[in-house]
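**Q** from the sequence below, what's the structure:
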Amino acid sequence: MLNKIWCFFILVAIGFAIINGSYIEVNNSIFNAIETTKNLILTLFFNICFWSGIINIIKNTTLINKIKKLLKPLLKVIFPKIDSDSEVFEDISMNVVSNLLGLGNASTPAGLKAMEKLQNQNLNKEKLSNEMLLFILINTASIQLIPTNIIGIRMGLNSENPTKIIFGVWISSVVTFCFIILFTKIYIRCFRK
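**A** Below is the predicted model:
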């Protein structure tokens with residue numbers, strides 16, 4: 001359906017360009033958009049490769065264990081029913097660390113493993129457990145210390161100061177994270193007994 005809508009918009013735009021006699025500008029803008037898209041894709045590709053490499057280096061050092069130890073008290077409060085020495089807790093921690101570093105792509109494998117293990121522990125396979133619900137929401141509203149993808153997009157679009165948004169990202173992600181935890185805990189306590 002979406003393909004049909006986009007095709008309709010493109011055809012209407014080309015029709016108006018022909019009627020107005022501005023088809024040369026439309027043609028030029030198409031090639032400019034292709035150039036901009038190419039630059040953006042290359043910037044994001046190299047950005048993802050770089051940060052995925054960094055996260056793999058961190059995984060193979062003791063730094064990841066230190067970060068997980070820092071996060072363990074917070075995650076233990078959020079997920080009190082999950083054993084902190086279990087593989088599920090390890091995958092959740094890895095997912096949160098990856099999201100903290102702004103590596104949504106690198107956090108996906110750990111998130112999928114955690115959800116699979118949480119589903120194995122789930123007594124009602126037809127319904128999300130409370131831990132699964134919390135994890136999905138935390139993953140969606142992740143706190144980002146370094147919003148690498150957004151910075152990469154801003155660099156790809158030739159922003160003069162691509163890192164200027166960091167303070168705003170910190171505020172919005174912390175506020176969102178706190179509200180999601182609060183409202184989810186209230187929802188679980190009131191409606192999911």
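
**Q** could you look up the SS state of Ser84?
**A** coil (DSSP: H, G, I helix; E, B strand; the rest coil).

**Q** distance of it relative to Lys76?
**A** Separation of Ser84 from Lys76 (C-beta to C-beta, to the nearest Å) stands at 6 Å. The way it works is simple: take the backbone N, C-alpha and C, and place the C-beta from them, glycine included.

**Q** Leu128 now?
**A** 21 Å.

**Q** got the contact list for stretch 26-34?
**A** 13-14, 17 (C-beta atoms under 8 Å, 6 or more residues apart in numbering).

**Q** put the alpha carbons of the helix or strand hosting Val88 into CSV.
**A** Applying DSSP states H and E as the criterion places Val88 in helix 87-100. Output of helix 87-100 as CSV, limited to C-alpha atoms (Å, rounded to 0.1, in the frame of the first residue of the first chain):
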residue,chain,number,x,y,z
GLU,A,87,22.3,-15.6,31.1
VAL,A,88,19.1,-13.6,30.7
PHE,A,89,20.5,-10.9,33.0
GLU,A,90,23.7,-11.0,31.0
ASP,A,91,21.9,-10.5,27.7
ILE,A,92,19.8,-7.7,29.2
SER,A,93,22.9,-6.0,30.5
MET,A,94,24.7,-6.3,27.2
ASN,A,95,21.6,-4.8,25.5
VAL,A,96,21.5,-1.9,27.9
VAL,A,97,25.2,-1.2,27.5
SER,A,98,24.9,-1.2,23.7
ASN,A,99,22.0,1.2,23.9
LEU,A,100,23.9,3.5,26.3
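
**Q** by contact count, what packs against that helix?
**A** helix 23-59, helix 63-78, helix 104-121, helix 130-140 (3 or more C-beta pairs under 8 Å, 6 or more residues apart in numbering; DSSP states H and E).

**Q** for the first one, buried residues please.
**A** If I follow you right, that is helix 23-59. Of the residues in helix 23-59, 40, 43-44, 47-48, 51, 55, 58 count as buried by neighbour count, 16 or more other C-beta atoms under 10 Å.

**Q** just want the angle from it to helix 87-100.
**A** 130 degrees (axes from the mean of the first three to the mean of the last three C-alpha atoms, to 10 degrees).

**Q** any idea of the mean pLDDT in helix 23-59?
**A** Averaged across helix 23-59, pLDDT comes to 79.

**Q** tilt between that helix and helix 63-78?
**A** Using the same axes, to 10 degrees, helix 23-59 lies at 100 degrees relative to helix 63-78.
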